[in-house]
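*Asks:* Can you look at this prediction? I've put the sequence above it.
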Amino acid sequence: MLEFRRVVKHYAIGNEVVHAVDGVSLDVGAGELVALYGPSGSGKSTLLGIAAAILAPDSGEVCVNGRDITRLSSRAAADYRMRELGFIAQSIELLEGASVVTNAALKLYGMGMRVGPANRRVAMMLEAVGLGHRLKHRPHELSMGERQRVMIVRALSTEPRIVLADEPTGALDSERTVEVLELLRSVTSERGIATLLVTHDPQAVAYADRQYTLRDGALAEGAQPAVPARTAP
Ligand code: ADP
């Protein structure tokens, strides 16, 4: 479903070449959740940017359902992001003057869905992530964790085939982290989504089908989280 084939992206800074992504090959199948660990500067954002058709690689391909998305026109790339991709970013971008429901439904409005059906769809999803009592609230009335859940509902609202999640639990306490990981796990399996989860959170291991570590742009199998998992005394 989501296939990286020998993806390379280097940056030249003066005389130095930074190997941001250095020959990454990785498959994420339908219904699979793959976790990607990596220290800061290891190339995670660059890799996600390439998979989101925001950045063009120097070489290699990223195939989504057999179609290479690294060579799309800017219009086709925007359409791919709108219709096929759910991107859950670290940054929380909510409209302060709009309700939680409206904020969650923005992507559906952008796709041309009418307000009533769009709001009903996201209201059900907001309830499923514990925000049923917050539907009419404004973003400033929510905790950081609640705001991130609104962003996640927005990303999942269009029923994407591919989900790219960049530290989605970074702002959440441990209980909410588990809820979000469970949500990602269940929608991934139930809807046959290919989910690539970039995370530092050792809790994510339990929810992923496979784990990889990115170091200096190269992929290694297995999880080597920056924060070691707690060991029994
Ligand atoms: P991560 O998301 O894991 O922190 P990045 O993908 O942001 O890693 O960065 C990987 C490497 O590429 C870093 O050394 C970073 O400084 C470099 N890099 C990222 N974007 C650019 C850019 N636009 N120009 C130059 N170097 C960049």
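*Replies:* Ah, there it is.

*Asks:* Tell me which stretches of this protein form strands.
*Replies:* Secondary structure of the chain (DSSP state E): strands at 2-13, 16-28, 33-37, 59-64, 67-68, 85-88, 162-166, 194-198, 210-215, 218-221.

*Asks:* Residue nearest the middle of this protein, spatially speaking?
*Replies:* Nearest to the geometric centre of the chain sits Ala165, at 1.7 Å (CA atoms, centre = their mean).

*Asks:* Quick one, grab the pLDDT at that one.
*Replies:* pLDDT for Ala165: 93.

*Asks:* Residue numbering should commence at 144 henceforth.
*Replies:* OK, 144 is where the count begins now, so the last one is Ala308.

*Asks:* Touching, it and Ala337? I think so.
*Replies:* No - counting by CB atoms under 8 Å, Ala308 sits too far from Ala337 to count as a contact (11.6 Å). To be clear about C-beta, it is placed using only N, CA and C from the backbone, and glycine gets the same treatment.

*Asks:* one step back: among the strands of the chain, show the one with the smallest mean pLDDT.
*Replies:* Note on these: strand 361-364 shows the lowest mean pLDDT, a mean of 88.

*Asks:* picking up where we left off before, same list (the strands of the chain) but as JSON lines, adding distance to the ligand.
*Replies:* Listed next are the strands of the chain as JSON lines, based on distance: least, CB to the nearest ligand atom, whole Å:
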{"stretch": "strand 145-156", "distance to the ligand": "3"}
{"stretch": "strand 159-171", "distance to the ligand": "3"}
{"stretch": "strand 176-180", "distance to the ligand": "9"}
{"stretch": "strand 202-207", "distance to the ligand": "15"}
{"stretch": "strand 210-211", "distance to the ligand": "21"}
{"stretch": "strand 228-231", "distance to the ligand": "14"}
{"stretch": "strand 305-309", "distance to the ligand": "8"}
{"stretch": "strand 337-341", "distance to the ligand": "8"}
{"stretch": "strand 353-358", "distance to the ligand": "7"}
{"stretch": "strand 361-364", "distance to the ligand": "12"}
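
*Asks:* I'd like these laid out as a markdown table, including distance to Glu322.
*Replies:* Formatted as a markdown table, those follow (distance: least, CB to CB, whole Å):
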| stretch | distance to Glu322 |
| --- | --- |
| strand 145-156 | 24 |
| strand 159-171 | 22 |
| strand 176-180 | 15 |
| strand 202-207 | 28 |
| strand 210-211 | 33 |
| strand 228-231 | 14 |
| strand 305-309 | 14 |
| strand 337-341 | 15 |
| strand 353-358 | 21 |
| strand 361-364 | 28 |
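
*Asks:* Which residues of this structure lie near the ligand?
*Replies:* With CB under 6 Å from any ligand atom as the criterion, the chain meets the ligand at residues 154, 156, 161, 163, 181, 183-189.

*Asks:* Low-confidence ranges, this structure, go.
*Replies:* Applying pLDDT under 70 to the chain picks out residues 366-376.

*Asks:* try 80 this time
*Replies:* 233-235, 288, 313-315, 319, 348, 365-376 (pLDDT under 80).

*Asks:* now the helices: where do they sit in this protein?
*Replies:* Counting by DSSP state H, one finds helices in the chain at the ranges 187-194, 217-226, 243-253, 258-271, 287-299, 317-334.
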